[in-house]
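Asks: dropping the sequence and predicted coords here.
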Amino acid sequence: MNDITQQIRTTARRLLEEKTVDCVIGYRKGTVPMQEEPYFAYSPEEADTLVWTGFCVNNLANFLIKRPGRNAILAQGCVSRNIVGLIKENQVQRENVYILGVHSPGMLDAEKIKAQFPDRVITKVTEDEQEILVQGWGFEERLERKKFKRNNCFTCTHRNAVLYDEFIGEQGPGTGGGNIDKVAAPWEAMDSDSRWAAFEDAFKDCIRCYACRNVCPLCYCDVCFVDENNPQWVGKSQLDADIYTFHILRAFHCAGRCTDCGACESACPVGIKMRTLTGKLEKDIREFYDYQPGLDLETPPPLTLYRPNDPDVAG
């Protein structure tokens, strides 16, 4: 990780010194352990703040939408795929973004690590390719890194950036090794009544804070349907019907566009596993339309066009 951080800083400094870009969008160390945060470097000096660790989990593609000037952005596989999607949806102009591709080693889940140390204060976490060193008040412990990866990183299908202007470091294994279709497997084993009960259970703790929407690069509408008042598509209450309507409609809006980046799950303050819902929709898209989002700039998403020979998936 340290070598990649240094290469990122060197590249960012060069791009800013040569005025190739106006800004480099990446990550910096957070104010608390295991929470790196988005960072915007506007000068060569600020480039030395950039870092690359297993806790760089925000989807930076979100910050490109309607952003002025020419910007460089750090992008692993899922982020690069979202950038491709935003270019195809005319939210980002290709000539205005300079993509610094990077390989994702499988990002880390801070909540999984915290669960190993209940009632203890973690003050520092360092990592290498195999281990995590967790330090805190009166303790120090090493953990096996692969056991604490984010769930979506186990089933990642494209760890390397799929579109880039420069690649930082070496390209690594293309997948996380897991079976992405297993995310949807629990739904497919249920009848309709059991599915609805499972859905209600999954979202029963939702406080409707919209953190999942706000971090998602797919949710760029100027006015979201939940905020529209004329007409009002969904109520503003905490009633189950309103909460469920929000999640169902948002999931369908993301169908055929979601790259399984996991940003929604990381942002959720109550730990809702959003992928249990979106995973089923994305599996249907892969099977019915032989399509994965964000892999190239030419193929249109299947739900944005109509052809007479489209499969009758409802039949």
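Replies: Alright, I've got the coordinates.
Asks: buried set for stretch 222-235?
Replies: Using 16 or more other Cβ atoms under 10 Å as the test for burial, stretch 222-235 gives 224, 226, 234. Every C-beta, even on glycine, is put in place using the N, C-alpha and C of the backbone.
Asks: count of neighbours near Asp296?
Replies: 11 (other Cβ atoms under 10 Å).
Asks: helix or strand: which one has the residue nearest to it when sequence neighbours are not counted?
Replies: Nearest residue to Asp296 in three dimensions, chain neighbours excluded: Val84, at 7.0 Å (Cβ to Cβ, 6 or more residues apart in numbering). If you go by DSSP states H and E, Val84 is part of helix 77-88.
Asks: what is that helix packed up against?
Replies: With contacts defined as 3 or more Cβ pairs under 8 Å, 6 or more residues apart in numbering; DSSP states H and E, helix 77-88 has these neighbours: strand 71-75, strand 97-102.
Asks: can I see the domain layout of this protein?
Replies: Here the domain assignment for the chain is 2-109+149-304, 110-148, based on automatic domain parsing.
Asks: now the strands for the stretch 101-250 of the chain?
Replies: 122-127, 131-136, 139-144, 166-168 (DSSP state E, counting those that start in this stretch).
Asks: any chance of these in JSON lines with mean neighbour count and distance to Asn160 as columns?
Replies: What follows is the strands of the stretch 101-250 of the chain, written out as JSON lines (neighbours: other Cβ atoms under 10 Å; distance: least, Cβ to Cβ, whole Å):
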{"stretch": "strand 122-127", "mean neighbour count": "16", "distance to Asn160": "20"}
{"stretch": "strand 131-136", "mean neighbour count": "17", "distance to Asn160": "23"}
{"stretch": "strand 139-144", "mean neighbour count": "12", "distance to Asn160": "24"}
{"stretch": "strand 166-168", "mean neighbour count": "18", "distance to Asn160": "8"}
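Asks: among those, which is nearest Gly177?
Replies: strand 139-144 (15.1 Å; Cβ to Cβ).
Asks: per-residue pLDDT of the most centrally placed residue in the chain, please?
Replies: Centroid-nearest residue in the chain: Cys261, 2.8 Å away (criterion: Cα atoms, centre = their mean). On pLDDT, Cys261 comes in at 92.
Asks: next: Asn229.
Replies: pLDDT at Asn229 comes out at 82.
Asks: okay, it and Ala211: tell me how far apart.
Replies: 22 Å (Cβ to Cβ, to the nearest Å).
Asks: how about Lys66?
Replies: 21 Å.
Asks: counting neighbours, go ahead and name the busier of these two.
Replies: Neighbours were counted for Lys66 and for Ala211 using other Cβ under 10 Å; Ala211 has more, 17 against 9.
Asks: now the more buried one: closest residue in space, sequence neighbours ignored.
Replies: Using Cβ to Cβ, 6+ apart and skipping residues adjacent in sequence, the residue nearest Ala211 is Ala267, 4.1 Å away.
Asks: nice, that's everything, thank you.
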